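A.B. asks: take a look and give me a structure for this.
(chains A and B)
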Amino acid sequence: MDLNIRIAGAAGQGVETTGDLLAETFASQGLYIFASQTYMSRIRGGLNWYDVRVGDRALFSGREKADLLIALNEQALEWLKGDVADGGLSIYEGVERPGEIATAFEKVAKEVGGAAIMANIVAAGATFALLGYDLAGLEAQLAATFTRKGDAVVSANIACARKGAELAAPHAGRLRGPQPAGAPRAVCNSAEAVGLGGATAGVKFATGYPMTPSTGVLTYLAQVADRYGIVVEQAEDEIAAINMICGATYAGVPAMTTTSGGGFALMVEGLALSGMLELPVFIFLGQRPGPATGLPTRTAQQDLMFALNAGHGEFPRALFAPGTPQQHYDHTRHGLQLAHKYQTPVILLSDQFAADMRMNCTGLDDSYRPIDRHILSDPPEEYMRYAVTESGVSPRALPGSNAFVVLDSDEHDEDGHITEDLGVRVKMQDKRMRKLDGMVAEVIPPEWHGPPDAEHVLIAWGSSYGPCREAVDLLNAAGGPVAMLHFSQLWPVNGPAISDLLGPGRKVTSVECNQTGQFARLLRQVGALSDYDLMAKYNGLPFSAEEIARRLQ
Amino acid sequence: MNPKPFFDTDVAWCPGCGDYMILRTIDKAIAAAGIDRKKLVLVSGIGQAAKLPHYTKANVFNGLHGRAVPPATAIKLVNHELEVAITSGDGDMYGEGGNHLLHAIRRNIGVKAFVHNNQVYGLTKGQASPTSDLGFVTRLQVHGVYSQPFNPLAIAIVEQCSFVARSFAGDMEHLQEMMVAAFQHKGGFALLDILQPCPTYNRVNTLQWYRQRVQKIDAGHDPYDRHAALDLAFKWGDEIPIGVIYKCDRPTFESHFEVLKRGTLVEQYAG
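C.D. replies: Numbers count the residues shown, from 1 in each chain, chains lettered A, B, ... in the order given. Sure, this is the predicted structure:
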């Protein structure tokens, strides 16, 4: 069983702090959690909410309805009370009204803790009591969180939590919290997972221009820069950022940049540069709804075709779209490895839903395990950067070694110098594109979830992993049989392999957070898919499992 | 002047182009400054000036138009043992790449920028550049240039660029002296604006035009005097000062990073 707790309030009221606190406390008790956030593009005011779903079995997605709504102001209650499940509860800051639990969180925080800012801690304490949990777990988490701020702060927070629990005590037992089930006790977030994946893989230079929802990755790298020995620099614009990582990889270290659609649009010429110069750049592209500025804090999966086709001319690249925090970590490391093996740009497509998502994990390995850069350590004097090879990959040396390393964005000969010889042009273009053959051979296969003989297959990619997976479970519990095929690598695509996997006669529905079914179109283009239905969503919110199941019935 | 490139290569410059003078001088300056060419990276964008790295011997990063500064910045941060110099033109550095120049100066990254300034676009066949004089007529600016010329020196001084100098391709001795001074400047970003004739597309600002106007800065000038430096930077027309105009002491960008005190990032990678 599981419960969905929704904490809602204005920006600046501590919605995120409360959500993180509950998610981390539940996980530390061995409960499964899935947390996600919905927020508006503003610093103060508006309405933000944070869902913490807690359960006694692995959770991969959120839920539409809340079993417990914690409204930090009355407006949040007004807006969200319609989404409270039957038998659910609302607890809110405001005037008492029949059937709902009003608590003066702020007043209590001022009286007990000495500051209104602790209103959210009062709410967290109340939550624990309502779910019938022992407050000791929350107190331990508060002590761990605030210990560096001193004993007085820890005591004040614990006092607020206790008071909250006391106020909610008359209603205790109206909701029954799931019991601990041996879940992994760490909580992982995708944005942090990308940062940690990069740092442990040996990223030594990171840059970007702040843009939601990508900023969390760059901020995380800045926080760990001293530990891992990384230079992190905020670029003057995205054009500078992509050109900087071209320079950094040329000089010899793995490098990455972080951006969203609009910033990526500015990077496009630089992306083509990395294709021409054959530099292993890594781009974190956090999608949000466009065109243009669009909905800055919402989610979308609409930049697949853009990322696939961005850049003038033709050159190889790889696109990844991880579905969970763990996959964000793994694919960042793998993507950097692949970029260096094939000397080609790699783009990790994520989105707001994925970037803010939190799940249990066994703890991501934070030890420094740098990838193989495939560097020629002792190049000969007559070294040529773009020597033609069968694989298309030319041995890479670094400037400052015994050889001159020459790169040119113009078409160039094997020695890297500019050429207008059209025969050389064809030879070099063929060499670059040959790298795709090797990349296709090591594509990450899609993940199948559900009965192997399911007649109906849902195609999913990226952050739709969890909602689709849970929808499949819901549908199969009600009859089915349905399966999910989730892709965490989108390019290159091994068309024949997917075609074989799907086989003939199955019904296929592509579930995508865009209007035109970009991935399904891509699969059709490579001959992996012929007929399909499209389940599109593009209002800025992620799919829920219930919605997918409902739309299929 | 006869082209004498380092490489036996098909040189793309017109006969009489100021770029030949700059190429010969940079080769002499590299030797005079005692720079190991294996440790030298020449970074350029696009334009005739940006082709210079192909005609000498060094590590080369010839990137995109206007974008020489960002890769140069990152190369210096990743391997600060390398000497990183940019060869760029007035369009590349002051037009398309203007924003990067402002931020390179703010950062004070240890990169030398040699900007070939001939006040016209050569490679695209004769349009105005950001430094073209008011009224300069081209096939695109048919009634003459309306916009005020960009003043790279004044901007650099106001932004406290740690080394600001101007020279003239027609005075190779002076140019070599300025290039060596820029190479030897260890205090961060250096901007050397090099006046240069374009015999094909700029029939106004010719070799003679510059020769009659350039004047070496008085030996008594104190480059640390910001106001005196600005006065020199504003001089244009009958008299154009050349020499080291401005200097100031600021920490280099790379000196801020604790991680770089342990060695270069390349050395530390160990993967």
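
A.B. asks: secondary structure element for the closest residue to chain B within the stretch 101-250 of chain A?
C.D. replies: At 2.8 Å from chain B, A:G247 is the closest residue in the stretch 101-250 of chain A, using C-beta to the nearest C-beta. C-beta: built from backbone N, CA, C; applies to glycine. Assigned by DSSP states H and E, A:G247 falls within helix A:238-251.

A.B. asks: what residues does the stretch 401-550 of chain A have near chain B?
C.D. replies: Contact residues (C-beta under 8 Å from any C-beta of the partner chain) of the stretch 401-550 of chain A with chain B: A:401-410, A:416-418.

A.B. asks: drop anything exposed from the residues you listed.
C.D. replies: Neighbour-count burial (16 or more other C-beta atoms under 10 Å in any protein chain shown) is assigned, among these, to A:S401, A:A403, A:F404, A:V405, A:V406, A:L407, A:D408, A:S409, A:G416, A:H417, A:I418.

A.B. asks: list the contacts for the second one?
C.D. replies: With contact taken as C-beta atoms under 8 Å, 6 or more residues apart in numbering or on different chains, A:A403 is in contact with A:P379, A:P380, A:E381, A:Y383, A:A397, B:K38.

A.B. asks: low pLDDT regions in the chain?
C.D. replies: Because you didn't say which chain, this covers chain A. A:99 (pLDDT under 70).

A.B. asks: please refer instead to chain B.
C.D. replies: Residue ranges of chain B with pLDDT under 70: B:1-9, B:271.

A.B. asks: tell me the centre residue of it?
C.D. replies: Centroid-nearest residue in chain B: B:F114, 1.9 Å away (criterion: C-alpha atoms, centre = their mean).

A.B. asks: so it touches B:L192, yeah?
C.D. replies: Yes - contact status for B:F114 versus B:L192: in contact at 5.1 Å, counting by C-beta atoms under 8 Å.

A.B. asks: any idea how far B:K261 lies from chain A?
C.D. replies: Taking C-beta to the nearest C-beta, to the nearest Å as the measure, B:K261 falls 11 Å from chain A.

A.B. asks: SS state for that residue?
C.D. replies: What DSSP: H, G, I helix; E, B strand; the rest coil gives for B:K261 is helix.

A.B. asks: again, but for B:A156
C.D. replies: Going by three-state DSSP: B:A156 is helix.

A.B. asks: tell me how many other residues crowd A:G30.
C.D. replies: 16 (other C-beta atoms under 10 Å in any protein chain shown).

A.B. asks: one more: the one 4 residues further on?
C.D. replies: Using other C-beta under 10 Å as the criterion, A:F34 is surrounded by 25 other residues.

A.B. asks: where does it fall, phi/psi-wise?
C.D. replies: phi -140, psi 120 (degrees, to the nearest 10).

A.B. asks: wouldn't it be in contact with A:R469 here?
C.D. replies: No - look at A:F34 against A:R469 with C-beta under 8 Å: they stay out of range, at 11.3 Å.

A.B. asks: find residues that contact each of those two.
C.D. replies: Between them, A:F34 and A:R469 share the contacting residues A:F60, A:S61, judged by C-beta under 8 Å, 6+ apart.

A.B. asks: now the helices: where do they sit in the stretch 51-200 of chain A?
C.D. replies: Applying DSSP state H, counting those that start in this stretch to the stretch 51-200 of chain A gives helices spanning A:74-80, A:105-108, A:119-130, A:135-146, A:151-168, A:190-201.

A.B. asks: which of the ones you listed sits closest to A:T344?
C.D. replies: Nearest to A:T344 among the helices of the stretch 51-200 of chain A is helix A:190-201; the distance by C-beta to C-beta comes to 16.3 Å.

A.B. asks: are the closest one and chain B in contact anywhere?
C.D. replies: No - Helix A:190-201 is not in contact with chain B by C-beta under 8 Å from any C-beta; minimum separation 8.7 Å.

A.B. asks: mind checking how far that helix is from the chain centre?
C.D. replies: 11 Å (C-alpha atoms, centre = their mean, to the nearest Å).

A.B. asks: which strands or helices does it pack on?
C.D. replies: helix A:215-228, helix A:325-342, strand A:346-351, helix A:352-356 (3 or more C-beta pairs under 8 Å, 6 or more residues apart in numbering or on different chains; DSSP states H and E).

A.B. asks: how about the helices of the stretch 51-200 of chain A in TSV, adding mean neighbour count?
C.D. replies: Compiled in TSV, the helices of the stretch 51-200 of chain A are given as follows (neighbours: other C-beta atoms under 10 Å in any protein chain shown):
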stretch	mean neighbour count
helix A:74-80	18
helix A:105-108	22
helix A:119-130	28
helix A:135-146	18
helix A:151-168	21
helix A:190-201	27
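
A.B. asks: A:S28: which of these is closest?
C.D. replies: Per C-beta to C-beta, nearest to A:S28 of the helices of the stretch 51-200 of chain A: helix A:135-146, 6.1 Å.

A.B. asks: roughly how far apart are B:R37 and A:E236?
C.D. replies: Note on B:R37: its distance to A:E236, by C-beta to C-beta, to the nearest Å, is 31 Å.

A.B. asks: the residue in the stretch 1-150 of chain B that chain A sits nearest to: what's it in contact with?
C.D. replies: Per C-beta to the nearest C-beta, B:P71 is where the stretch 1-150 of chain B lies closest to chain A, at 2.8 Å. Neighbouring residues of B:P71 by C-beta under 8 Å, 6+ apart: A:N243, A:M244, A:C246, A:G247, A:A248, A:Y250, B:V43, B:F61, B:G63.

A.B. asks: what do you get if the cut-off is 7 Å, keeping everything else the same?
C.D. replies: A:N243, A:M244, A:C246, A:G247, A:Y250, B:V43, B:F61, B:G63 (C-beta atoms under 7 Å, 6 or more residues apart in numbering or on different chains).

A.B. asks: what's the burial count for the residue of the stretch 101-250 of chain A closest to chain B?
C.D. replies: Based on other C-beta under 10 Å, the number of other residues close to A:G247 is 29.

A.B. asks: list the buried residues of stretch B:119-134.
C.D. replies: Buried-residue list, stretch B:119-134, by 16+ other C-beta under 10 Å: B:119-123, B:126-133.

A.B. asks: need the phi and psi values for the residue of the stretch 1-150 of chain B closest to chain A.
C.D. replies: With angles defined as degrees, to the nearest 10, B:P71 sits at phi -60, psi -40.

A.B. asks: buried residues in stretch B:181-191, which are they?
C.D. replies: B:A181, B:A182, B:F183, B:H185, B:G187, B:G188, B:F189, B:A190, B:L191.

A.B. asks: Provide the contact partners of it at residue level.
C.D. replies: B:29, B:33, B:35, B:104-105, B:108-113, B:152, B:156, B:161-165, B:192, B:244, B:249-250, B:252-253.

A.B. asks: list buried residues within these.
C.D. replies: The buried subset of those - by 16+ other C-beta under 10 Å - is B:29, B:33, B:35, B:104-105, B:108-113, B:152, B:156, B:161-165, B:192, B:244, B:250, B:252-253.
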